[in-house]
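Asks: Fold the following, please.
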Amino acid sequence: MMEVEMNMYNFSVIIPLYNKTGFIERAILSVLNQTHPFFEIIVVNDGSSDGGEKKVELFKDERIHLVNQANQGVSVARNNGAAHARYDFFAFLDSDDVWEKTFLEEINRMICQYPDAGIYGTNNYIESPNGKRWFENMDYLFNGANSGVINDYFGLFAKNGRSPFFTSGHCIPRKIFEESGGFKKGVALTEDSDLWCRIALKHDIVYSPSPLITYYLEMPNNTVSKIPSSDYQVSVTLQNCLDTNDVKPEQQNSVRKLVAFQQISLIKRAILTGNHRIALNKLKDKRIFREFPLTGLFLFPLALLPFSLFNKINQFKKKHT
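Replies: Residues are numbered from 1 along each chain as shown. Model (predicted):
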């Protein structure tokens with residue numbers, strides 16, 4: 001096997017900040033503690049009202065830059081961070097997550113091995129508020145190899161119920177980010193997976209099964225209670241690409257399956273938040289029953305349950321698991 005020449009790349013680490021004063025210091029420290037030392041940190045304060053930007057200002061490190069903007073949402077904040085970036089690789093970290101110390105080192109290694117990819121991502125730990133910590137073993141993807149190109153990103157996304165990497169666990173080359181148009185402004189949910197899917201339609205996705213970030217569940221200002229009145233943006237984007245024949249033939253079945261899965265995800269969110277009218281309306285979508293007929297049949301009675309009863313069942317389930 002040919003040995004890969006290891007270059008040392010510079011990274012622009014982009015951290016959007018909105019009312020996470022209790023967590024931003026932890027996120028920044030996880031970057032400063034990286035074994036790969038070549039980076040800058042761009043914290044974009046998206047109109048916080050809790051003084052989180054003051055925590056950033058306490059760091060006396062010339063690699064840390066604070067950008068303030070009026071509240072415009074996370075997509076604008078990330079795009080603004082990219083606009084201020086000096087380097088050619090954008091690594092994204094949410095202000096309530098953290099990196100393992102070798103995250104950038106692993107991303108750098110993957111870039112050297114696969115220089116033409118569109119996204120470089122890693123596996124992650126998930127930690128609940130009670131301190132329980134776990135990760136999904138993804139070693140099977142590359143037969144135990146430490147990284148590789150995901151052959152069917154859309155199929156894997158639909159099968160596992162989520163992208164194999166989170167927002168805080170990926171890096172995009174500047175040229176790919178600019179070519180794709182970045183994150184779509186005004187999108188409150190799936191703005192990240194929408195971008196990843198647009199890139200995956202055209203470029204390889206390189207992935208490491210090593211869990212090198214920690215994603216924290218149920219932090220303040222998360223999106224669990226939000227429910228859109230229309231389809232998720234990622235579903236709209238992928239369906240438009242299918243309708244205009246902008247999906248490669250070998251990707252089409254998996255893309256259709258992912259669109260249906262995203263509709264199911266929206267229905268589940270609607271049920272969990274008591275928006276049963278939205279859930280019942282979305283259950284009319286024929287794409288769901290074409291790709292996941294049994295799931296559609298299972299969700300239908302749940303959408304008919306009164307929210308108070310469903311909530312009691314859900315709370316009972318949580319207490320006994």
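
Asks: Report the rounded mean pLDDT for the strand ranked longest in the chain.
Replies: In the chain, taking DSSP state E as the definition, the longest strand is strand 205-216. Summarised as a single mean, pLDDT over strand 205-216 is 97.

Asks: Put the alpha carbons of it into PDB.
Replies: Extracted in PDB, the C-alpha atoms of strand 205-216 (Å, rounded to 0.1, in the frame of the first residue of the first chain):
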ATOM      1  CA  ILE A 205     -18.100  11.800   1.500                       C
ATOM      2  CA  VAL A 206     -15.100  10.600   3.500                       C
ATOM      3  CA  TYR A 207     -15.700   9.300   7.000                       C
ATOM      4  CA  SER A 208     -13.900   8.000  10.100                       C
ATOM      5  CA  PRO A 209     -15.800   5.600  12.400                       C
ATOM      6  CA  SER A 210     -13.800   6.900  15.300                       C
ATOM      7  CA  PRO A 211     -16.100   8.900  17.700                       C
ATOM      8  CA  LEU A 212     -14.200  12.200  18.000                       C
ATOM      9  CA  ILE A 213     -16.900  14.600  19.100                       C
ATOM     10  CA  THR A 214     -19.500  14.600  21.900                       C
ATOM     11  CA  TYR A 215     -23.000  15.700  21.000                       C
ATOM     12  CA  TYR A 216     -25.000  16.700  24.100                       C
END
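
Asks: That strand pairs with which strands, and in what direction?
Replies: strand 98-99 (antiparallel), strand 119-127 (parallel), strand 148-149 (antiparallel) (DSSP bridges).

Asks: Return the most buried member of those.
Replies: Among these, strand 98-99 has the highest mean neighbour count (mean count of other C-beta atoms under 10 Å), at a mean of 24. All C-beta atoms are positioned from the backbone trio N, CA, C, and that covers glycine.

Asks: Which helix or strand lies directly C-terminal to that strand?
Replies: helix 103-113 (DSSP states H and E).

Asks: ok so, going back, can you spell out which helices and strands pack onto the helix or strand just after the longest strand of the chain?
Replies: Helices and strands here follow DSSP H and E; after strand 205-216, the next one along the chain is helix 233-243. With contacts taken as 3 or more C-beta pairs under 8 Å, 6 or more residues apart in numbering; DSSP states H and E, helix 233-243 sits against helix 191-200, helix 252-272.

Asks: quick one: contacts for V247?
Replies: Each residue near V247 by C-beta atoms under 8 Å, 6 or more residues apart in numbering is listed here: L201, L238, C241, V255.

Asks: Most neighbours among these, which one is it?
Replies: Ranked by neighbour count (other C-beta atoms under 10 Å), these have L238 at the top, with 25 neighbours.

Asks: what's the closest non-adjacent residue to N68?
Replies: N45 (4.7 Å; C-beta to C-beta, 6 or more residues apart in numbering).

Asks: isn't that neighbour right next to E57, touching?
Replies: No. Between N45 and E57 there is no contact under C-beta atoms under 8 Å: 10.0 Å.
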